[in-house]
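>>> Just a sequence and a predicted model for now, questions to come.
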Amino acid sequence: MNSSTTGAASTGVAPHPTPLAELVDITKTFGAVVANDSISLTVLPGEVHALLGENGAGKSTLTRILYGLSQPDSGEIRIDGTTTRIDSPADAMASGIGMVTQEFSLVDTMTVTENLMLAGVGIGRISRADARGRVLAAASRVGVTIDPDAIVETLSVGERQRVEIVKALFHDCRVLILDEPTAVLVPQDVELLFESIERLTADGLGVIFISHKLHEVTRIADRVSILRRGKIVASRPVSGLAPRDIAALMVGAAALVDEESQALATSIGLELQDTHTTPPDPDAAPAALPDAALTASALQPSAEPALALRGISLGTSTSTVLDNISLSVGSGEIVGIAGVSGNGQTELVSVLCGTLAATGGTVRVAGADISHLDPAGRIRAGLGRLTEDRKGSVIPTLTVAQNLVLEDLDGFRRGPFLDRRAIRDHVAGLIDRFDIRAQPGDPIRSLSGGNMQKVLLARAISRNPRVLVASQPTRGLDIGACDYVYSQLRTLRDAGAGVLLISEDLDELLGLCDRIAVIFSGRILGELPAGEATHESLGLLMTGQRSEDAA
Amino acid sequence: MNFPLFAILAATLTIATPLVWAALGAVINERAGVLNLGIEGTMYAGAFCGFLATAMSGSLWFGVAAALVSGLLAGALMALLTVTLGVNQHVAGIGTTLLLVAVCNFTNRLLFSDGSQTTTEKFDRLLPGGGLLSQYPMTYVAFLILAPALWWVLRSSGFGLRLRAVGENPEAADAAGIPVAKTRYAALILGGALMALGGSFLTLSLLGSFTIDIVSGRGWICIALVIFGRWQVWPVVGGALLFAVADALQLQLAITPLFSDVPNEVLIAFPYLVVILALAIWGRGVRYPGAYLKPYRRA
């Protein structure tokens, strides 16, 4: 084990212990998207290394590479200072790397012991008693009690996660990757998990801990690295850092950024000025808009806000997902909702769209109560939506044209049949107006993310909604497509509709919104006019601290 | 009343024998996540190939070997279709059955078109005069060796654990380093062999000859028995005995004067009705293997 291996040994007395695992210059691209851009990361014995970043920042890709589920395009992995190829989870396990993902890979109908025996089982006789003893030994190493004879499907989520951790340790793992382990846990189980982690690191194990929750990072991690767009933009020891310092690191990183986001920010700025001068609608004053397609319903000035939420709640007796959310979006206004993902945004959008029933509260669109309408009724009432998951909003095998009219088939009927000519004209008009780069007959799954988003925008906007709920509308899009989405949202706003923009991207929110509300743990923690909102003030709210507390 | 209880019980064990072989083969298949509707055709192929090889070679053991090989091949065909090619399991299974039945009938007509159906020698019952215990060798093997062995394999061997993991959660099995496709091939080939041997019991032990439609739906009954027995070895054996006792009873009633007015067709349908009824009562709300009917492809 102490045999001098490569370069590291020759540098004399090492200032640090040899890292258990080291990722060096890892780059991984998926098509045009750079998921990991020359990332280097180390895990020391006894260290909890937290990874933070937005969805899509590259955390999962990085851990999948370390666990052998994905191969890097370039870069190398060193285990105990030795360069090692990890081509499969079996290689990873052999190198002492274990991973617990959010989706457990347990066979529900088997006992805990049987599940733990699966890896490496031969075909001959098995010894349950022997394995049972090893299960108990591994469990006591983690400091948890599990019944080795329990059938997995009878266990709670927290217990199953403990089984997964014990499973990783069953094969002498020395680096444990925990991918958002607390996302599925109730608070008591989170505390148990942290105790287990502390026990393991005291034992010399290294842990890679992925989380969205800053207070967890300060509670458990020794070092935190922040990923943004596939790069590590900050990495430092956690000791002495408070959640708000990490938030500052995150937004600071977002503010200085790589050239890419600079360009994005600039483009937003430019667009802001452009909207008053560019051709499409020269007199952009809402009342005098010449674009006939946009005038219909949205224009009439109304005393009622375009969208009004009153006391929206969602939860069970044991957990609260949305807590008394009240918010209004006026006509001709873009209101943003900022927040770290997983704080209730997805559920809020589902409640608004009518795919999830709230346990309390009302939703009004232009004064009309739509709380008890189904999704189709809400669309008719003037609620447009761009959902977070683009692919979940289209039927992949249908064509662009079919998807464009899918929600309005009644408007394209002649007797019991579809009026093909009306559909063709309507679709041709939308493709032209929204600059969709596809033929009407192309299956929609063949479109790029940006083009698909154009289709969805066209579908929502062509209906002249009173209010558009746009959830993460630019996630995964390139800069050009982002710009396009921004300009469409502004045009809609200028035409007098309301827009509710839910996003994790602070630059986007600051560039577009008239007001920004911050959601944390299912509550609206504060609301700031765009003029007063800054990265810092929003970042503070996003960590769950009201600005008065901080002052 | 002179009720021939022991004769009925002895007949029950005999009648249950091919069902036990084939249904346990189906248990192996389905525990690995594959529904093998090729079972009827595989039994038919086993019955025909066993008969044909015995008729040609004059050796019963050669017949058993031929039946075994036909089953291995039928299982391999199912594996190719459902595991490698990912074909819908219903379509693949019914197609396999249609193919095998047709090939056997065609070959039978080519060889024996003059109507001169050969009769071959057949296995003798052991312990002649032993009453209930006087049975064919394959009956002893089915109850005393096959069923206990399979029960042990599924419960206490690494192969059994792999099989169950692959049939319940192939993603987890794959993550644990278990080769999903190989395991399913092994299950289908082994299961096919048991099905074909079950079929050969009809020609090599019971009749000593081959007749068209000799399997007469026993394979389909096995599919029902496996669900009835919830993929567990002993309950499936119990289900086979239930069908067999109903069948033996109906055979006895057919020669009982009191029932001479009952149409023969009604009596023949009786055991099938019993299984359908049993399935309707105990076969609901059963928990199927997690990966039942699902081809596995790595994400």
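Yes, it's here. Numbering: from 1, shown residues only, chains lettered A, B, ... in the order given.

>>> Quick check: the residue of the stretch 401-550 of chain A nearest chain B.
A:Arg445 (17.2 Å; Cβ to the nearest Cβ). C-beta here means a position set from N, CA and C on the backbone, and glycine is covered the same way.

>>> any idea of the pLDDT on the residue lying closest to that residue once chain neighbours are set aside?
Sequence neighbours aside, A:Pro396 is the residue nearest to A:Arg445 in space, at 3.7 Å (criterion: Cβ to Cβ, 6 or more residues apart in numbering or on different chains). The predicted local distance difference test score for A:Pro396 is 85.

>>> Wasn't the residue of the stretch 401-550 of chain A closest to chain B part of a helix?
Yes - counting by DSSP: H, G, I helix; E, B strand; the rest coil, A:Arg445 is located in a helix.

>>> Could you pull up the residues touching it?
Residues near A:Arg445 by Cβ atoms under 8 Å, 6 or more residues apart in numbering or on different chains: A:394, A:396-397.

>>> For the residue lying closest to A:Asp419 once chain neighbours are set aside, what are phi and psi?
The shortest distance from A:Asp419 to any residue other than its chain neighbours is 5.1 Å, reached at A:Phe412 (Cβ to Cβ, 6+ apart). For A:Phe412, the backbone dihedrals (degrees, to the nearest 10) come out as phi -120, psi 40.

>>> residues near A:Phe412, how many?
If you count neighbours by other Cβ atoms under 10 Å in any protein chain shown, A:Phe412 ends up with 18.

>>> What of A:Ala94?
17.

>>> quick one: it from A:Ser88, how far?
Remark: distance between A:Ala94 and A:Ser88 (Cβ to Cβ, to the nearest Å) = 9 Å.

>>> how many neighbours does the residue of the stretch 1-150 of chain B found nearest chain A have?
Closest contact between the stretch 1-150 of chain B and chain A, by Cβ to the nearest Cβ, is at B:Arg31 (10.5 Å). Using other Cβ under 10 Å, the number of residues around B:Arg31 comes to 25.

>>> what's the spacing between it and A:Ser88?
According to Cβ to Cβ, B:Arg31 and A:Ser88 sit 26 Å apart.

>>> Name the nearest residue to the residue located most distally from the centre of chain A, sequence neighbours excluded.
The C-alpha centroid of chain A is most remote from A:Arg125, which lies 45.4 Å away (Cα atoms, centre = their mean). Counting by Cβ to Cβ, 6+ apart, the nearest residue to A:Arg125 once its immediate chain neighbours are dropped is B:Ser157, at 5.9 Å.

>>> what's near enough to touch that neighbour?
By Cβ under 8 Å, 6+ apart, the contact set of B:Ser157 is A:123-126.

>>> Give me the buried subset of those residues.
Neighbour-count burial (16 or more other Cβ atoms under 10 Å in any protein chain shown) is assigned, among those, to A:Ile126.

>>> Can you tell me which of the contacts of B:Ser157 is closest to chain B?
Among the contacts of B:Ser157, A:Ile123 lies closest to chain B (Cβ to the nearest Cβ), at 4.0 Å.

>>> circling back to that earlier point, can you pick the most crowded of the contacts of A:Arg445?
Most neighbours among these, by other Cβ under 10 Å: A:Val394, with 21 neighbours.

>>> pLDDT of stretch A:188-203, averaged?
In this model, stretch A:188-203 has an average pLDDT of 88.

>>> just stretch A:535-547 next, same as before
For stretch A:535-547, the per-residue pLDDT averages 75.

>>> Can I get it as CSV, trimmed to CA atoms?
This file holds the C-alpha atoms of stretch A:535-547, laid out as CSV (Å, rounded to 0.1, in the frame of the first residue of the first chain):
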residue,chain,number,x,y,z
HIS,A,535,-28.2,38.8,-6.0
GLU,A,536,-27.4,39.3,-2.3
SER,A,537,-30.8,40.2,-1.1
LEU,A,538,-32.4,37.3,-3.0
GLY,A,539,-29.7,34.9,-2.0
LEU,A,540,-30.3,35.6,1.6
LEU,A,541,-34.0,34.9,1.3
MET,A,542,-33.3,31.8,-0.7
THR,A,543,-31.5,30.3,2.3
GLY,A,544,-34.5,30.9,4.5
GLN,A,545,-33.5,34.1,6.2
ARG,A,546,-35.7,37.1,6.1
SER,A,547,-33.8,40.3,5.5
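
>>> List the buried residues in it.
A:535-545.

>>> Dump the residues you listed into CSV; add distance to chain B as well.
Putting the buried residues of stretch A:535-547 into CSV (distance: Cβ to the nearest Cβ, whole Å) gives the following:
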residue, distance to chain B
A:His535, 37
A:Glu536, 41
A:Ser537, 42
A:Leu538, 37
A:Gly539, 36
A:Leu540, 39
A:Leu541, 38
A:Met542, 33
A:Thr543, 35
A:Gly544, 35
A:Gln545, 40
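
>>> Please identify which pair of those residues lies farthest apart.
Distance extremes for those: the farthest pair is A:His535 and A:Gly544 at 16.6 Å, using Cβ to Cβ.

>>> Could you verify that B:Lys294 is part of a helix?
No - according to three-state DSSP, the state of B:Lys294 is coil, so it is not within a helix.

>>> How about it: what's its closest non-neighbour residue?
Beyond its immediate neighbours in the sequence, the residue positioned closest to B:Lys294 (Cβ to Cβ, 6+ apart) is B:Gly33, lying 6.5 Å away.

>>> Does that neighbour belong to a helix, a strand or coil?
Under the three-state scheme (three-state DSSP), B:Gly33 adopts coil.

>>> gap between it and A:Val107?
For B:Gly33, the distance to A:Val107 - Cβ to Cβ - is 12 Å.

>>> next one: A:Thr18
Counting by Cβ to Cβ, the gap from A:Thr18 to A:Val107 is 37 Å.

>>> Looking only at neighbour counts, state which of those two leads.
Per other Cβ under 10 Å, whichever of A:Thr18 and A:Val107 has more neighbours is A:Val107, with 25 against 19.

>>> Give the helix, strand or coil label for that one.
Judged by three-state DSSP, the three-state class of A:Val107 is coil.

>>> which non-adjacent residue is nearest A:Ser88?
Leaving aside its chain neighbours, A:Ser88 sits nearest to A:Gly68 (4.7 Å; criterion: Cβ to Cβ, 6+ apart).

>>> The one you found: what's it in contact with?
Taking Cβ under 8 Å, 6+ apart as the test, what A:Gly68 contacts is A:86-92, A:97.

>>> Can you tell me the element it falls in?
Of the helices and strands defined by DSSP states H and E, none includes A:Gly68.

>>> Ramachandran angles for it?
Summarising the backbone geometry of A:Gly68 under the convention degrees, to the nearest 10, its torsions are phi 80, psi 10.

>>> so which strand or helix has A:Glu86?
Just to correct that, residue A:86 is Ile rather than Glu. Short version: A:Ile86 belongs to no helix or strand, going by DSSP H and E.

>>> For burial, what's the neighbour tally of the residue of the stretch 351-500 of chain A found nearest chain B?
Across the stretch 351-500 of chain A, no residue is closer to chain B than A:Lys391, which sits at 15.4 Å (Cβ to the nearest Cβ). Counted with other Cβ under 10 Å, the neighbours of A:Lys391 add up to 12.

>>> repeat for B:Gly129
When neighbours are counted by other Cβ under 10 Å, B:Gly129 comes out with 7.

>>> Now do the SS call for it.
Applying three-state DSSP: B:Gly129 is coil.

>>> Now do the strands in the stretch 101-250 of chain A.
Counting by DSSP state E, counting those that start in this stretch, the stretch 101-250 of chain A has strands at residues A:175-179, A:206-210, A:223-228, A:231-237.

>>> And for the stretch 451-551 of chain A?
Here the stretch 451-551 of chain A has its strands, by DSSP E, counting those that start in this stretch, at A:467-471, A:498-502, A:515-520, A:523-529.

>>> Output the contacting helices and strands for the second one.
Identification of packing neighbours for strand A:498-502 by 3 or more Cβ pairs under 8 Å, 6 or more residues apart in numbering or on different chains; DSSP states H and E yields strand A:320-329, strand A:334-338, helix A:345-353, strand A:467-471, helix A:479-494, helix A:506-512.
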